[in-house]
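Enquirer: here is a sequence with its predicted model. Questions after.
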Amino acid sequence: LPEFDQFTPQKIEKEFPLIIKKLNSDFDNIEIEFSDLIKNEKLDWDNVMKPLNRINEELRWSWGVISHLNSVKNSEELRNVYAKLLPHVINLGNKFGQSKTIYKALKTLRGQNNLDMTKNRILDKEIIDMEHSGISLNESDQEAYNTISERLGELSTKFSNNVLDATNKWHLILDNKSQIKGLPDRVLELMALSAQKHLKNEGEVDSQSGPWKLSLDIPTYTAFMSYAEDSLLREKLYKAFVSRASDGDENNSQIIEEILTLRTKQAKLLGYDSWADLSLSTKMAGKIESVEKLLEELREPSFKAAE
């Protein structure tokens, strides 16, 4: 496991650009190697997939740690570093996905017809992922695609930050035992400790006498919705949870509208009618009508159960 306590914003800002630089250099070397393999007709599974897996895994692991920390240990300083580095990650991903040399190597390997079903499935997925990354677009459309990708990354980050801020902002202090009836002791302990920290009370935490802090963090929200007997409080908590980041400084409405617009533009660049069509092109459902049919099959009995 990563030593998360070693990943400070300062260290990330200093060292992650070095990883990006190394990966760019490694990628250039891979393209040179693949060009020689294609020219000499020496492509095989190991000399194509192993270097690709290695470089993708290094990016996935290193950026994955940073993304995880930004989600679970968010701070203003880390947010700024994350936002600063994100465009470089997106650009590198687009560079991988739009490499004509890699695409040709994958297509050539897939056409050899000497691999098993699993490896062919992996190749098919890699090829379609590159096609969805704009490999087949002309230069001007690739530029438009990449610009949209960067903007979507920025909007996604803003969206997540707003949801997190709205989640952290909302709370209720409960001081009546009837309000926490049905909750397990472990949940009461968590809520009482949270209340003590919020109210800055001194002394020992009394999980049986309170007060208790009701909030929208997942451990508290899930437990309260599952076990609390106070239906009015459950309703209030639920409505607060599903309406997070829908008003005030954390309002995501305009961000959602822009994301939808940009996704549609990106899908049309790739030859699809909508983002839904693009997304479903690699999924079992296959088409929008199948999804709508399933949702309707779920909706009818759900409504009856809720009445």
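Expert: Sure, I can see it.

Enquirer: going forward, measure contacts between C-alpha atoms and count neighbours the same way
Expert: Will do.

Enquirer: contacts for stretch 176-196?
Expert: Identification of contacts with stretch 176-196 by Cα atoms under 8 Å, 6 or more residues apart in numbering yields 173-174, 202, 205-214, 220, 223-224, 227-230, 233.

Enquirer: let's see it at 6 Å
Expert: Counting by Cα atoms under 6 Å, 6 or more residues apart in numbering, stretch 176-196 makes contact with 207, 210-213, 227-230, all of which sit outside it.

Enquirer: just the ones of those in strands?
Expert: Assignment to strands by DSSP state E places the following of these there: 212-213.

Enquirer: may I ask which of the contacts of stretch 176-196 has the most neighbours?
Expert: Neighbour counts for the contacts of stretch 176-196 were taken using other Cα atoms under 10 Å; the highest belongs to residue 212, which has 29 neighbours.

Enquirer: one step back: quick one, which of the contacts of stretch 176-196 has the minimum pLDDT?
Expert: Of all the contacts of stretch 176-196, the one the model is least sure of by pLDDT is residue 210, with 86.

Enquirer: ok, now which ones touch that residue?
Expert: Residue 210 neighbours (Cα under 6 Å, 6+ apart): 175, 192.

Enquirer: before we move on, the earlier item: could the contacts of stretch 176-196 go into TSV alongside distance to residue 146?
Expert: Supplementary listing: these in TSV, determined by distance: Cα to Cα, whole Å:
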residue	distance to residue 146
207	53
210	53
211	51
212	48
213	45
227	47
228	48
229	51
230	50
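
Enquirer: with respect to residue 268, which of the contacts of stretch 176-196 is nearest?
Expert: For residue 268, the nearest member of the contacts of stretch 176-196 is residue 227. The distance, counting by Cα to Cα, is 46.5 Å.

Enquirer: how near is residue 68 to residue 7?
Expert: For residue 68, the distance to residue 7 (Cα to Cα, to the nearest Å) stands at 11 Å.

Enquirer: same thing with residue 199?
Expert: With Cα to Cα as the criterion, residue 199 and residue 7 are 30 Å apart.

Enquirer: looking at the two, which one has more neighbours?
Expert: Taking residue 199 and residue 7 together and counting by other Cα under 10 Å, residue 7 has the greater number of neighbours (15 against 12).

Enquirer: how about the more buried one, phi and psi?
Expert: Torsion angles at residue 7 (phi, psi; degrees, to the nearest 10) stand at phi -90, psi 80.

Enquirer: roughly how far apart are it and residue 109?
Expert: As judged by Cα to Cα, residue 7 and residue 109 stand 39 Å apart.

Enquirer: what's the neighbour count on residue 69?
Expert: Every residue meeting other Cα under 10 Å relative to residue 69 is counted, giving 20.

Enquirer: so it: helix, strand or coil?
Expert: Reducing the assignment at residue 69 to three states with DSSP: H, G, I helix; E, B strand; the rest coil gives helix.

Enquirer: buried residues in the host helix or strand of residue 277?
Expert: In this structure, residue 277 is located in helix 275-280 according to DSSP states H and E. Neighbour-count burial for helix 275-280 flags 275, 277-278 (criterion: 16 or more other Cα atoms under 10 Å).

Enquirer: got the contact list for that helix?
Expert: Here helix 275-280 makes contact (Cα under 6 Å, 6+ apart) with 263-264, 267, 272, 286-287.

Enquirer: out of these, which end up buried?
Expert: Buried members of those, scored by 16+ other Cα under 10 Å, are 263-264, 267, 272, 287.

Enquirer: show me where this structure has its helices.
Expert: Along the chain, counting by DSSP state H, helices occupy 9-39, 45-72, 76-97, 100-110, 117-131, 139-169, 185-199, 218-227, 231-242, 253-269, 275-280, 288-306.
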